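1. sequence? don't have it. structure:
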């Protein structure tokens, strides 16, 4: 079994009213990755949901939050592999951004950990990337000082004493609600609950 999720009546369901979906998205959905394979399986499922959106020219922003070693880069590598990135996948810790184009889809992996001043985001010209189509996966989004657009999907990652990763998924946009609903409908989780 790859993910343990705990169920609740407020699980985001596409048949719920928009108001109910928004309430559930604010509280979040909690998952547990007991092994690296769990992380990889969920990344593959997310890639299956994102690919049609990206092929249609959507702009999708995923924020990854968590302490050092929580699994942000590991999850991103699994997601990039699932999207079709081949070869070495480098952490953008020093370069700040690594661009990819798997299957012709524009994808950027950002790591703002080393930003000392949010103005660096503006000076680097990232506004155009975030305004355009494609997937933007951002580690340490808080270092951009609120200059990023609203994240479609926010993933809070943490590790427990046994080394399992706890992930809380939240959405901040209608598109994010749709992505999370598609993940839940596709069975990313066997049981789900509000965080």
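-> Received the coordinates, thanks. In this text the structure is predicted, and so the values were computed from the model without any measurement.
2. report the central residue of the chain.
-> residue 62 (3.8 Å; CA atoms, centre = their mean).
3. partner strands of whichever strand or helix holds that residue, parallel or antiparallel?
-> When elements are assigned from DSSP states H and E, residue 62 belongs to strand 59-65. In its sheet, strand 59-65 lies beside strand 134-139 (parallel), strand 153-159 (parallel), with partners assigned from DSSP bridges.
4. now the strands for the chain?
-> 29-33, 59-65, 97-100, 107-111, 134-139, 153-159, 165-171 (DSSP state E).
5. now find how far off-centre the longest helix seen in the chain is within its chain.
-> Ranked by residue count under DSSP state H, the longest helix found in the chain is helix 36-55. Chain-centre distance of helix 36-55: 10 Å, with CA atoms, centre = their mean, to the nearest Å.
6. next: stretch 29-47.
-> Worked out by CA atoms, centre = their mean, stretch 29-47 lies 11 Å from the chain centre.
7. stretch 149-165 now?
-> Using CA atoms, centre = their mean, the offset of stretch 149-165 from its chain centre is 9 Å.
8. 717 is where my numbering starts, stick with that
-> Will do, 717 is the new start, and the previous item becomes stretch 865-881.
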